[in-house]
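any chance you could fold what I've pasted below:
(one chain, ligands or ions: 2)
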Amino acid sequence: MKSPSLISLHGGHSGQFCCHARDRLEEIVCAYIKKGFKRVGITEHIPPANDLLRYPDEIEQGLTARDLYQRFARYMAEVTRLKSVYQSDIRIHVGMETETYAGYLFHVKQLIHNFTPDYIVGSVHHVNDICFDYSRQEYDRAVRHCGSHEQLYLRYFDLQFEMINHLHPFVVGHFDLIRIHDPAYEQRLLAPVIQERILRNLSLIKKLGLVMDFNLRPLARGEKEPYLTPSLLKMIKKLDIPVVPGDDSHGRDQAGGHVAHAIQILETLGFDMCWPEPRLLPLSD
Ligand SMILES: [Zn+2]
Ligand SMILES: [Zn+2]
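Ligands and ions are numbered 1, 2, ... in the order given. Modelled structure (predicted):
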């Protein structure tokens with residue numbers, strides 16, 4: 001039997017266009033080709049809506065929201081150029097990864113309008129405008145802001161629902177990222193109030209025909225499981241929602257990392273190995 005083709009629909013962050021990544025985008029594309037990928041989605045982070053929403057490393061480097069917008073425009077031009085230069089070796093899907101801070105809906109819709117990517121990855125990295133995945137300190141600040149871990153999870157899944165409902169992202173990024181700095185996540189995710197939110201979000205994903213990111217970044221960091229912890233994978237399989245690997249690479253050495261292993265896991269669980277075709281979905285207002 002033919003083995004399923006290697007793919008990642010979330011990743012390819014490069015030092016050229018992202019302050020917390022490494023290497024040039026072309027080197028990353030070449031790394032995918034070398035590893036035998038025939039298709040890959042490149043999904044750089046969107047620029048911030050204003051100076052207040054910059055990542056700490058962007059502030060440190062003295063980059064303004066305007067500089068970052070211009071850098072993003074250069075990213076879109078470069079990834080489009082690489083798509084055409086390497087088209088006989090690899091099919092590149094040009095994407096971007098969204099945010100959920102104040103004013104994001106208008107901002108993301110503007111970016112889609114201005115740059116018409118092939119598809120978008122819908123991610124939540126902020127709760128109450130705190131970037132909870134940036135560091136343990138910021139995560140704890142978000143917990144204090146919400147009142148408890150449980151409240152933070154609820155807020156996260158509510159924001160995720162709103163984002164999915166308004167942006168219809170073809171790929172829903174690292175669905176359970178909110179567990180990043182919580183050692184008790186396995187139990188917490190099973191709490192009835194949280195399960196209710198999870199099921200609500202998954203039902204919406206199913207209804208809209210979206211795809212879920214099997215996000216391998218934790219494996220690159222030496223953690224034991226990807227985003228989509230096993231209890232979630234089971235629910236997703238039951239609902240028959242497509243799941244596609246995403247290496248969430250931030251450098252050429254991470255490009256394509258752990259994808260073969262991820263495919264093995266998905267195949268064992270009985271997921272469909274015919275990867276869907278990324279596209280922009282029509283938006284509701
Ligand atoms: Zn990143
Ligand atoms: Zn992300």
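
pLDDT score assigned to K2?
pLDDT for K2: 70.

and it, what does it touch?
When contacts are counted by CB atoms under 8 Å, 6 or more residues apart in numbering, K2 is found next to no other residue. Bear in mind the C-beta positions are built from the backbone N, C-alpha and C, glycine included.

does it sit in a helix, a strand or a coil?
The three-state assignment at K2 reads coil, by DSSP: H, G, I helix; E, B strand; the rest coil.

same check on P47?
coil.

what's the helix or strand for the residue nearest to it when sequence neighbours are not counted?
The shortest distance from P47 to any non-neighbouring residue, by CB to CB, 6 or more residues apart in numbering, is to L68 (3.9 Å). Here L68, judged by DSSP states H and E, is contained in helix 65-85.

would you mind extracting the C-alpha trace of that helix into CSV?
Once side chains and other backbone atoms are set aside, the C-alpha atoms of helix 65-85 remain, and they are given as CSV (Å, rounded to 0.1, in the frame of the first residue of the first chain):
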residue,chain,number,x,y,z
ALA,A,65,3.2,47.9,14.0
ARG,A,66,3.8,49.8,10.7
ASP,A,67,7.2,48.2,10.3
LEU,A,68,5.7,44.8,10.9
TYR,A,69,2.9,45.4,8.4
GLN,A,70,5.5,46.2,5.8
ARG,A,71,7.5,43.1,6.8
PHE,A,72,4.3,41.1,6.4
ALA,A,73,3.8,42.5,2.9
ARG,A,74,7.4,41.5,2.0
TYR,A,75,6.6,38.0,3.4
MET,A,76,3.5,37.7,1.1
ALA,A,77,5.6,38.8,-1.9
GLU,A,78,8.4,36.4,-1.1
VAL,A,79,6.3,33.3,-0.4
THR,A,80,4.4,33.9,-3.6
ARG,A,81,7.7,34.2,-5.5
LEU,A,82,9.0,30.9,-3.9
LYS,A,83,5.7,29.2,-4.8
SER,A,84,6.4,29.9,-8.5
VAL,A,85,10.2,29.3,-8.4
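
what residues does it touch?
Helix 65-85 is touched from outside by 16-17, 25-26, 29, 42, 44, 46-51, 53-54, 58, 63, 91-92, 94, 96, 111, 115, 117, with contacts defined as CB under 8 Å, 6+ apart.

quick one: mean pLDDT for the helix or strand that it is followed by?
Reading on from helix 65-85 to the C-terminus, the next helix or strand found by DSSP H and E is strand 91-97. Taken as a whole, strand 91-97 has an average pLDDT of 98.

circling back: just the buried subset of the contacts of helix 65-85, written out for PyMOL, thanks.
What follows is the PyMOL syntax selecting those of the contacts of helix 65-85 that are buried according to 16 or more other CB atoms under 10 Å:
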select buried, resi 16+17+25+26+29+42+44+46+47+48+49+53+54+58+63+91+92+94+96+111+115+117
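
for V94, give its distance to G122.
In this structure, V94 and G122 are separated by 16 Å, where distance is defined by CB to CB, to the nearest Å.

which residues touch the residue nearest to the spatial centre of the chain?
Among the residues of the chain, the smallest C-alpha distance to the mean C-alpha position (CA atoms, centre = their mean) belongs to G173, namely 3.3 Å. If you count contacts by CB under 8 Å, 6+ apart, G173 has them with H10, E97, V121, G122, S123, V124, D213, N215, G246.

now these as a markdown table including neighbour count and secondary structure?
Formatted as a markdown table, the entries for those read as follows, by neighbours: other CB atoms under 10 Å; DSSP: H, G, I helix; E, B strand; the rest coil:
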| residue | neighbour count | secondary structure |
| --- | --- | --- |
| H10 | 29 | coil |
| E97 | 25 | strand |
| V121 | 29 | strand |
| G122 | 24 | strand |
| S123 | 27 | coil |
| V124 | 28 | coil |
| D213 | 31 | strand |
| N215 | 26 | strand |
| G246 | 30 | strand |
